[in-house]
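When you get a sec, could you give me coordinates for this:
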Amino acid sequence: MTGEDVLGILAALRDFDICVGGGWGVDALAGEQTRPHADLDLMHREEQEPQVVAALAARGFAETLSWRPVRFVLTDPGGREIDLHPLRFAEDGSAEQSSLTPGEPFRYPAECFVTGTILGTAVRCLSAEQQLFFHRGYEPREKDLHDLALLRSLAAAKTRWRRGLAWGG
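The predicted structure is shown next:
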């Protein structure tokens, strides 16, 4: 999955509330592609799911895996994969995603929806803190270790910047 692929997919979904997560979300925070990506993780409003799926079907994507209501995967004939995560939003801007454990949803605080860039284009993505949170509870693979190091660096830089503002520096 290339940066151009991602921007093309996001352009096809411009009428919907979409947020980039996973590896591309990490790279959006970094403002540059730092590693190859096999797929694209997208969060979307649960109520917009039929329209999101239809827009992607028009680009040749079809469902190849379903773990609904938690997530599902669409793949195109070229093998590009989009991992879709349906979210239910609250009035305060926070959201929840179903998990495999009933009654214990994944939580997205309102402030975790931030802006990053892919190939110089602004995209909505998940914050470094939220991505770090989602990297808990499983044995990290090599790509996860790369992403974790980058996320920690980005979160530390943000903390240093905030401290500078608080200290008048």
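
Residues contacting stretch 19-27, please?
Residues outside stretch 19-27 that contact it (CB atoms under 8 Å, 6 or more residues apart in numbering) are 1, 6, 10, 28, 33-35, 37, 39-44, 83, 85, 113, 116, 118, 123-126, 128, 131, 134, 143, 147, 150-151. C-beta: built from backbone N, CA, C; applies to glycine.

Please apply the same query to stretch 74-83.
1, 5, 9, 22, 38-42, 53, 56-57, 59-64, 71-73, 84.

Just the buried ones from the residues you listed, in ChimeraX syntax?
Those of the contacts of stretch 74-83 that count as buried under 16 or more other CB atoms under 10 Å are selected in ChimeraX with:
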select :1,5,9,22,39,40,41,42,53,56,61,71,72,73,84
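
Just the contacts of stretch 74-83: which are in helices?
Taking DSSP state H, the ones among these that sit in helices are 5, 9, 22, 53, 56-57.

As a check, name the ranges of all strands in this structure.
Along the chain, counting by DSSP state E, strands occupy 18-21, 39-45, 62-67, 71-75, 81-89, 95-97, 106-108, 113-118, 121-126.

and of these, who's closest to residue 157?
strand 113-118 (13.5 Å; CB to CB).

Send over that closest one as PDB, restricted to the C-alpha atoms.
The C-alpha atoms that make up strand 113-118 are tabulated as PDB, following Å, rounded to 0.1, in the frame of the first residue of the first chain:
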ATOM      1  CA  PHE A 113      -8.600  12.300  16.800                       C
ATOM      2  CA  VAL A 114      -5.900  14.500  15.500                       C
ATOM      3  CA  THR A 115      -4.400  15.600  12.100                       C
ATOM      4  CA  GLY A 116      -1.300  14.200  10.500                       C
ATOM      5  CA  THR A 117       0.000  14.300   6.900                       C
ATOM      6  CA  ILE A 118       0.600  11.700   4.200                       C
END
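
surely residue 10 meets residue 18?
Yes. Counting by CB atoms under 8 Å, residue 10 sits close enough to residue 18 to count as a contact (6.5 Å).

what sits opposite the residue nearest to residue 31 when sequence neighbours are not counted in the beta ladder?
Distances taken as CB to CB, 6 or more residues apart in numbering put residue 117 closest to residue 31, at 4.9 Å, once the chain neighbours are dropped. Applying DSSP bridges to residue 117 gives these bridge partners: residue 122.

Check the gap between residue 58 and residue 76 for me.
With distances taken as CB to CB, to the nearest Å, residue 58 is found 11 Å from residue 76.

All set now, cheers.
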